[in-house]
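> one predicted model, sequence on top.
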There are 2 protein chains.
Amino acid sequence: MAKDRKIDVVILGLLCHEPLTGYDIKKRIDGGIRFFWKGSFGSIYPALADMEKTGLVRKTMSSKASGSRERIPYEITEQGMKILTSWLEDSKVSNELKYETLLKLFFGEVTDKSVSIKTIENFESQIEQELGLLRMYQKNLYKVLTEEKHIYYYLTVSFGVETYEAYLRWCQMAKKMLE
Amino acid sequence: MAKDRKIDVVILGLLCHEPLTGYDIKKRIDGGIRFFWKGSFGSIYPALADMEKTGLVRKTMSSKASGSRERIPYEITEQGMKILTSWLEDSKVSNELKYETLLKLFFGEVTDKSVSIKTIENFESQIEQELGLLRMYQKNLYKVLTEEKHIYYYLTVSFGVETYEAYLRWCQMAKKMLE
DNA sequence: ATCAGCATGTAAGGCGTTACATGATTCA
DNA sequence: TGAATCATGTAACGCCTTACATGCTGAT
């Protein structure tokens, strides 16, 4: 695996459950994972190609047979599983937040207060919208917690719900303080 | 300003209050701003050079005169102020969170539950430590809220406190759920 | 017929980190 | 004397996004 390219483990993790094409992987990332990690075609396909070369994934046998459309599903190899678990067990993590909203607020003194208030309101409505989605995911996952993997999905979604609720409380406070 | 290089506005924002050297800017970023935006020497010095060329910043007159050490303080120009305020007023923002902790947790089913618990505990202690710092900043800023810019600093710090507290609550819940 | 979605991939270019190179000053 | 901090800058390299190129399928 490339030194610091986390897209590799995202792909490896997704392939644990079932073979997927690059296109499938993109869809999985865009639905749920995107709240804490992103990925584009331009990063997925090259990563898949690299990992096939190094033996972490392989094309499934049905790759060409399935039909006329050229779907190329990949599956994880034993080597790939080793890399994935050793990453999971590695205690080094990089958690990073890059919020332009906070950057703008930090320099809010430069212009009128109303600009900062707009920045906050902007953020607020974006968060409200996404919180709606997260709560829906959360509710649906709660119903199927018996399956073990859903516990993990539930936890990550709950992280989103908890923090987004905290964001909204902060928005209230911040607006009050500026008005 | 380069199309999407936010380090430019970070620098511009910092230069609003006083002339600073690249080294000073790095220190400012590392203390406080780093919670929501980062910057390294390798990005600061080239940005400063570019912005001098495009007239957003300029070297102060005292640049060489101040002493034997080669300190090169920059100040913001009117052009720079224009860029800064138009960025502040622009409602487009990119807020992005990349938490490897959540990624690991999402794929937690792959190995033993204890691995995920360790991942959470790891995160928890990191957050506890930084929360201590944030609360200290918050307390100190609260005392000097009369100065307008401190209100903005206070708000960003409070954002950190609010969310980190939410993280810790989530850690408790998550550990309980896995045990 | 045409548009949206499925599907794979490449190329250019921007952003940013890390490591390196260099050297002065301050303090124990 | 040696370590830490001050201070500026470059070079290599990696990661990722955006846009492009291409073409099929299915629904309206």
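Cool, got the structure.
> which stretch of helix or strand covers the residue lying closest to A:Phe106 once chain neighbours are set aside?
Leaving aside its sequence neighbours, A:Phe106 sits nearest to B:Thr156 (CB to CB, 6 or more residues apart in numbering or on different chains; 5.0 Å). C-betas here are computed from N, CA, C, even on glycine. Assigned by DSSP states H and E, B:Thr156 belongs to helix B:148-178.
> got the buried residues for that helix?
Judged by neighbour count (16 or more other CB atoms under 10 Å in any protein chain shown), helix B:148-178 contains these buried residues: B:150-168, B:170-171, B:174, B:178.
> repeat for stretch A:74-82
Neighbour count says stretch A:74-82 has A:74-77, A:80-81 buried, by 16+ other CB under 10 Å.
> can you list the weak-confidence ranges in chain A?
For chain A, the stretches with pLDDT under 70 are A:1-2, A:62-69.
> what ranges do the helices span in it?
Applying DSSP state H to chain A gives helices spanning A:7-15, A:22-30, A:41-53, A:78-89, A:100-106, A:113-143, A:148-178.
> any idea how far A:Leu12 is from A:Glu78?
Distance from A:Glu78 to A:Leu12, counting by CB to CB, to the nearest Å: 12 Å.
> ok, A:Lys175 next?
43 Å.
> contact partners for A:Arg28?
A:14, A:20 (CB atoms under 8 Å, 6 or more residues apart in numbering or on different chains).
> before we move on, back to that, in contact with the residue nearest to A:Phe106, which residues?
A:102, A:105-106, B:32, B:35-36.
> of the residues you listed - the most surrounded one?
A:Leu105 (26 neighbours; other CB atoms under 10 Å in any protein chain shown).
> wait, that one touches A:Ser116, no?
Yes: A:Leu105 lies in contact with A:Ser116 (CB atoms under 8 Å); the separation is 5.7 Å.
> common neighbours of those two, please.
With CB under 8 Å, 6+ apart as the test, A:Leu105 and A:Ser116 both reach B:Tyr152.
> mind checking the longest strand of chain A?
What stands out as the longest strand in chain A, according to DSSP state E, is strand A:95-99.
> show me what that strand pairs with in its sheet, parallel or antiparallel.
According to DSSP bridges, strand A:95-99 forms sheet pairs with strand B:95-99 (antiparallel).
> would you mind listing what in chain A touches DNA strand D?
A:2-7, A:38-43, A:47, A:68-69 (CB under 7 Å from any atom of the strand).
> nearest to DNA strand D: which residue in chain A?
A:Gly42 (2.3 Å; CB to the nearest atom of the strand).
> burial count for that residue?
Neighbours of A:Gly42 (other CB under 10 Å): 8.
> break chain A down into its structural domains.
A:6-89, A:100-178 (automatic domain parsing).
> can you give me the end-to-end span of the longest one?
Across domain A:6-89, the terminal residues are separated by 15 Å (CA to CA, to the nearest Å).
> quick check: A:Glu96 touching B:Phe36?
No: using CB under 8 Å as the test, A:Glu96 is too far from B:Phe36 to be in contact (9.4 Å).
> give the residues shared as contacts by A:Glu78 and A:Leu12.
With CB under 8 Å, 6+ apart, A:Glu78 and A:Leu12 have no common neighbours.
> got the contact list for A:Leu178?
Contacts of A:Leu178 by CB under 8 Å, 6+ apart are A:113, A:116-117, A:120, B:151, B:155.
> can you do 6 Å?
Going by CB atoms under 6 Å, 6 or more residues apart in numbering or on different chains, A:Leu178 touches A:113, A:117.
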